[in-house]
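*Asks:* Give me a model of this one.
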Amino acid sequence: MVRSWGRYIEAKFIYETVVGCPGSPSLMIQATLAENMGRTAGWLSRLKGAYEFALKFIEHLEENPDPYVQNHFKIR
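*Replies:* Okay, here's the model as predicted:
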């Protein structure tokens, strides 16, 4: 479980560095970040893609809420 969370944090960092955050531009290109991290561009690309999927999945869940979840779990 810890490894999965660590990967999520790495993926978020990669995504925000290469793509940027809302209201701010990217800080560097993917090849430069890969070189600075001592990783391959393919490794960065996989994590960036996984984080993009996670963002789209969260958006999907928010747009199409499950009635069971709404009735049994309250976040706000």
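
*Asks:* helices or strands up against the host helix or strand of I58?
*Replies:* I58 belongs to helix 41-63 when assigned by DSSP states H and E. Using 3 or more Cβ pairs under 8 Å, 6 or more residues apart in numbering; DSSP states H and E as the contact test, the elements touching helix 41-63 are helix 2-18, helix 30-37. Every C-beta, even on glycine, is put in place using the N, C-alpha and C of the backbone.

*Asks:* Buried residues of that helix, list them for me.
*Replies:* 44, 47-48, 51 (16 or more other Cβ atoms under 10 Å).

*Asks:* on that earlier part again, quick one: closest of the helices and strands packed on helix 41-63 to F73.
*Replies:* Proximity to F73 (Cβ to Cβ) singles out helix 2-18 among those, at 20.3 Å.

*Asks:* Contacts only, for the residue sitting nearest the centre point of the chain.
*Replies:* Centroid-nearest residue in the chain, with Cα atoms, centre = their mean: Y51, separated by 2.6 Å. Applying Cβ atoms under 8 Å, 6 or more residues apart in numbering to Y51 gives the contacts 8, 11-12, 14-15.

*Asks:* Show me which of those are buried.
*Replies:* Here, 16+ other Cβ under 10 Å leaves 11, 14-15 buried among the contacts of Y51.
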